[in-house]
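Participant: Curious how this folds, go ahead:
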Amino acid sequence: MVRPARNRGVALIAVLWFALLLAVIAGSLLTTTRSELRLTRNLVDSAQADALAEGGIFFAIPRLLDRDAETRWTADGATHRLELNAGHVEIAVHDATGRIDLNAAPPDLLAGLFRAVGVDQDQAEVLAARIADWRDRDEDAAPGGAEQADYDRAGLSVRVGNGPFATPGEIVRIPGIDMILYTAIEGAVTVWSRQRGVDPVAAPRLALLALPGMS
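Facilitator: Residues are numbered from 1 along each chain as shown. Down below sits the predicted model:
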């Protein structure tokens, strides 16, 4: 009479373990499904954002080329709102010639930009020299600057570009320029004007303050 009770106990334990295993598998599947759904949603949102941005660009181009002065947009930084079924886009057009080109500006202009946001004179000159060394193709470091050998000696895992910056944000790869500093100068820099100086008519206040002798 004891054996059937023992068998029932073993069977009950087996059922409980099986139920626990099913619960673990179900929980794992649920977690995986949620992660995949979240990833899919992120991809959809990213694709939608890209499409909205491209739509804003193609919407702005003909308005910049409009022959009617009354309706033509100007590159004055004013915000234009575009409502679409998938969302809305806020478009602001800036004249790149009013910004400091990180690939063309001389070191004194770059140093002036850093001073304008509160960086001290010596460090501003160092950062300007590092930018100049980063974008040139030689291995000769400017005074205060740094080439690949200098980064290697300092034990930094940074590979010098030895070429023009592709985007303004790329300068955060330079030691001493973090996202906080980049955010402070972002509105005054570009990589598309290809000019050594800035057009004062189109320049924002920060770019004007970077000019030598400007108060």
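
Participant: Could you use CA atoms for every contact and neighbour count after this?
Facilitator: Fine.

Participant: I'd say residue 168 and residue 100 touch.
Facilitator: No. The criterion here is CA atoms under 8 Å, and residue 168 misses it with residue 100 at 10.1 Å.

Participant: what residues do those two have in common as contacts?
Facilitator: Among the neighbours of residue 168, those also in contact with residue 100 (CA atoms under 8 Å, 6 or more residues apart in numbering) are 189, 190, 191.

Participant: Please tell me how far the residue positioned nearest the centre of the chain sits from residue 177.
Facilitator: Averaging the C-alpha coordinates of the chain gives a centre point, and the residue nearest to it by CA atoms, centre = their mean is residue 169 (5.4 Å). Computed as CA to CA, to the nearest Å, the residue 169 to residue 177 distance reads 10 Å.

Participant: again, but for residue 171
Facilitator: When CA to CA is the yardstick, residue 171 and residue 177 sit 7 Å from each other.

Participant: The two - which one has more neighbours?
Facilitator: For residue 171 against residue 177, the residue with the higher neighbour count under other CA atoms under 10 Å is residue 171, and the figures read 20 against 13.

Participant: which residues sit in contact with the more buried one?
Facilitator: Contacts for residue 171 (CA under 8 Å, 6+ apart) come out as 131, 165, 177, 182.

Participant: Look up phi and psi at it.
Facilitator: With angles defined as degrees, to the nearest 10, residue 171 sits at phi -70, psi -10.

Participant: And for residue 77?
Facilitator: Backbone phi and psi, for residue 77 under degrees, to the nearest 10, turn out to be phi 80, psi 0.

Participant: check contacts around it.
Facilitator: By CA under 8 Å, 6+ apart, the contact list for residue 77 reads 92, 93, 94.

Participant: nearest to residue 66, of the residues you listed?
Facilitator: Top of the list for closeness to residue 66, among the contacts of residue 77 and by CA to CA, is residue 93 at 14.4 Å.

Participant: Compute the number of surrounding residues for that closest one.
Facilitator: Residue 93 is surrounded by 17 other residues when neighbours are defined as other CA under 10 Å.

Participant: If you rank the shared contacts of residue 168 and residue 100 by neighbours, which is first?
Facilitator: For the shared contacts of residue 168 and residue 100, the largest neighbour count, defined by other CA under 10 Å, is 26 neighbours, found at residue 189.

Participant: Tell me what that residue is bridged to.
Facilitator: Note on residue 189: beta-bridge partners residue 100, judged by DSSP bridges.

Participant: My understanding was that residue 189 contacts residue 104; is that so?
Facilitator: No. The pair residue 189 and residue 104 fails to qualify as a contact (CA under 8 Å) at a distance of 11.0 Å.

Participant: so what does the lengthiest helix in the chain touch, helix or strand wise?
Facilitator: Within the chain, and with DSSP state H defining each element, the longest helix by residue count is helix 2-64. If you count contacts as 3 or more CA pairs under 8 Å, 6 or more residues apart in numbering; DSSP states H and E, helix 2-64 packs onto strand 87-94.
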